[in-house]
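Engineer: here is a sequence with its predicted model. Questions after.
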Amino acid sequence: MGVVRDHPELALFLCLALGYFVGKLRVGPITLGGICGTLIVSLLIGTRHVTVNDDVKTVFFALFIFSLGYLAGPQFFANLNRHSLRFLVLCLIELVCVLGIAFGLAKAFDLDVGTASGILAGAATESAVVGTATEAIGKLDGLTSSQITQYQGHVATAYTVCYLFGLVTIVLYTSQIMPMLLRINLADASRELWEKMRGGTRGLESDEREALPGTVGRTYLVTLADGLRIGELNAVRSGRVTVEGVKRGSVLLEPSPELKLTLSDLVQVVGRRSRIIEAGREIGPETPSVPGLDVPLATRQVAVTEKATAGSSIARLEHDHPEFLRDGVYVTDVLRNDQHLPASAETTVQRGDVLTLVGARSGLDKLVARIGAVVKNDATDFIYLGLGIVAGSLLGQIVVRFGDIPMSLGTGGGCLVSGLLFGWFRSRKQTFGAFPPQAANTLKDLGLAVFIACTGLTAGPQAWPLLKEYGALLPFAGIAMVLIPASISLIVGLKLLRIEKPMLIGAIAGQQCSTPAITSITQVAQSSVPLLGYTITYALSNFLLPLTGPILVGVLGAG
């Protein structure tokens, strides 16, 4: 242990390695996750008085919180509209409940500001609150340095215990108990809702793939269309298929609308399967693939940047842009943050969504510029990243006083706000400020993991005394602060907001920012439908919940 104490970098990465190993251990549907595992390991190692410089914690927390805001920014601002107002109500229920319960427990049991903040962070299963609350405690007036260290240690310890019980509660409550309370089979209800959204067609199970893909290409031998120009073919004129190639003998011809077909020409057409079959009846018999004529379908990932496109359903998008049908281009996937949504006719696309378009290259290239920009995320723009964190750090230094209570966002809150703004601004035209999702997620996870490890190492010596003093209270708080807001949201969402049941369950997991919960829900549902509710509340709560740390610390500190 002396080697670890003398080399803090060794202690830090040992906490990460062992913590993520502990986090992978599974009991039924429950896994702690790497962050909670890291905190447990770092608390244990910290009891041997192993510490890491506080500047390391500050730097990595800034990276984490900015990346978090950057990823959530496009959807956060996109969801500030009338349609999403009902989901905002769920987030406000969560916000008011966790703040009220934490404040009530602090007054009823005479808790110090660190323990109360740790209960808030752990029971809400929101790791970012640990950072914003810890930072706010460090700025309280009238505290000695030893008191600040002690209270910050209490944040980490209380968070660990409450997180364990809060995590188990939210996973079991949303994935197992809520469907029983709503009297639904979650898998059947999700499938029915998806069929309704897809216009009555059955959705695929999680382990299924289409046996007959909707978008196909076929080659036909001209026997019936002799003498017709390509533009005169009914299937082409109606926009049902596109002709991608014509081969006459050994010569490949440009398939212009004026090209006249002759007997024995080989024609390749691309489109929806049903339309392709109809085209064959007009052209002639189908033939095997012909070398040189087998034009592949192209794929583009396009970010929705046009204001007129944002907020439209996929069906509306295809209606407003006839090029989809005329040129044989189809939306096959919708990526929102890191979640894949069903590309159904009723799915609404938001600015910042990435659409996967598949179709003939000639039509695809013409359509892309009309609805957005080809995503350029091949390398991180460190100029944009650095300026964003600088702006957030400066914003966090601003102090506003409400009576005798000094309030500031701090580095964490400031970087969260700047991350939201920089991510949103980037999403409007994704040709600058690249921060690939994989890189952003890596920095987010690494930043939080290092911050949590540093916090746990510092808190280690204070952990055992706090557990002896409040051992029974912490599990109770962790369970109560999940059940109360989730139950209120279930009633309000069902009776007043009229949210569809599978989406409501996903939205409640999102208001709690619980990735393990939505993972368990989608496994039970065997569908991604609950994600439609989860993504909205997750984006909103990711911004709102971290702000509760400084609010609670400010109110309790003033009292």
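Structural biologist: Cool, got the structure. Numbers count the residues shown, from 1 in each chain.
Engineer: where in this structure is the helix or strand with the lowest mean pLDDT?
Structural biologist: strand 405-408 (a mean of 56; mean pLDDT, DSSP states H and E).
Engineer: and the next helix or strand past that strand?
Structural biologist: helix 410-428 (DSSP states H and E).
Engineer: centre of the chain versus that next one, how much separation?
Structural biologist: For helix 410-428, the distance from its own C-alpha centre to the chain's C-alpha centre is 16 Å (CA atoms, centre = their mean, to the nearest Å).
Engineer: check stretch 320-336 too.
Structural biologist: For stretch 320-336, the distance to the chain centre is 23 Å (CA atoms, centre = their mean).
Engineer: remind me which residues of the stretch 251-400 of the chain are low pLDDT?
Structural biologist: 272, 291-296, 325-328, 337-339, 360, 362, 377 (pLDDT under 70).
Engineer: for it, just list every one of the strands.
Structural biologist: 251-253, 266-272, 286-287, 298-304, 329-336, 339-341, 354-359, 372-374, 399-402 (DSSP state E, counting those that start in this stretch).
Engineer: what's the closest of these to F64?
Structural biologist: Between F64 and the strands of the stretch 251-400 of the chain, the tightest spacing by CB to CB is seen for strand 339-341, at 19.7 Å. In short, each C-beta sits where N, CA and C put it, glycine included.
Engineer: and I65, what does it touch?
Structural biologist: A128, G131, G392, T411, G412, G413, C415, L416, G419, G447, P546 (CB atoms under 8 Å, 6 or more residues apart in numbering).
Engineer: gap between the last one and L395?
Structural biologist: Right, the one you point to is P546. 14 Å (CB to CB, to the nearest Å).
Engineer: pretty sure E286 is in contact with Y220, am I right?
Structural biologist: Yes. E286 is in contact with Y220 according to CB atoms under 8 Å; the separation is 5.6 Å.
Engineer: which residues do these two both contact?
Structural biologist: G280.
Engineer: so the two - more neighbours on which side?
Structural biologist: Y220 (23 against 12; other CB atoms under 10 Å).
Engineer: got a list of what that one touches?
Structural biologist: L266, V267, V269, A279, G280, I283, G284, P285, E286, T287.
Engineer: which residues touch the last one?
Structural biologist: Neighbour list for T287: T219, Y220, L221, L266 [criterion: CB under 8 Å, 6+ apart].
Engineer: in strands, which of those appear?
Structural biologist: The strands, defined by DSSP state E, take in T219, Y220, L221, L266 from the contacts of T287.
Engineer: top of those by number of neighbours, please.
Structural biologist: Each of these was scored for neighbours by other CB under 10 Å, and Y220 scores highest at 23 neighbours.
Engineer: for the nearest residue to F64 once chain neighbours are set aside, report the pLDDT, please.
Structural biologist: With sequence-adjacent residues excluded and distances taken as CB to CB, 6 or more residues apart in numbering, F64 is closest to G447, at 2.9 Å. Note for G447: predicted pLDDT of 86.
Engineer: assign G447 to helix, strand or coil.
Structural biologist: Per DSSP: H, G, I helix; E, B strand; the rest coil, the local secondary structure of G447 is helix.
Engineer: quick one, helices of the stretch 351-500 of the chain?
Structural biologist: Remark: helices assigned in the stretch 351-500 of the chain by DSSP state H, counting those that start in this stretch are 361-371, 382-396, 410-428, 437-470, 473-491.
Engineer: ok so, going back, closest to L556 among the ones in strands among the contacts of T287?
Structural biologist: Distances from L556 to the ones in strands among the contacts of T287, taken by CB to CB, are shortest for T219, at 73.6 Å.
Engineer: can I get the contacts of T287 in TSV with distance to E469?
Structural biologist: TSV is the format used below for the contacts of T287 (distance: CB to CB, whole Å):
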residue	distance to E469
T219	78
Y220	81
L221	85
L266	83
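Engineer: min pLDDT across the residues you listed, which one?
Structural biologist: T219 (87).
Engineer: pretty sure it sits against L266.
Structural biologist: Yes. Between T219 and L266 there is a contact under CB under 8 Å: 5.8 Å.
Engineer: ok, back up a step: can you tell me which of the contacts of I65 is nearest K139?
Structural biologist: Nearest to K139 among those, with distances taken as CB to CB, is T411, at 10.4 Å.
Engineer: for stretch 241-256, buried residues please.
Structural biologist: For stretch 241-256, the neighbour count (16 or more other CB atoms under 10 Å) marks V241, T242, V243, E244, G245, V246, K247, P255 as buried.
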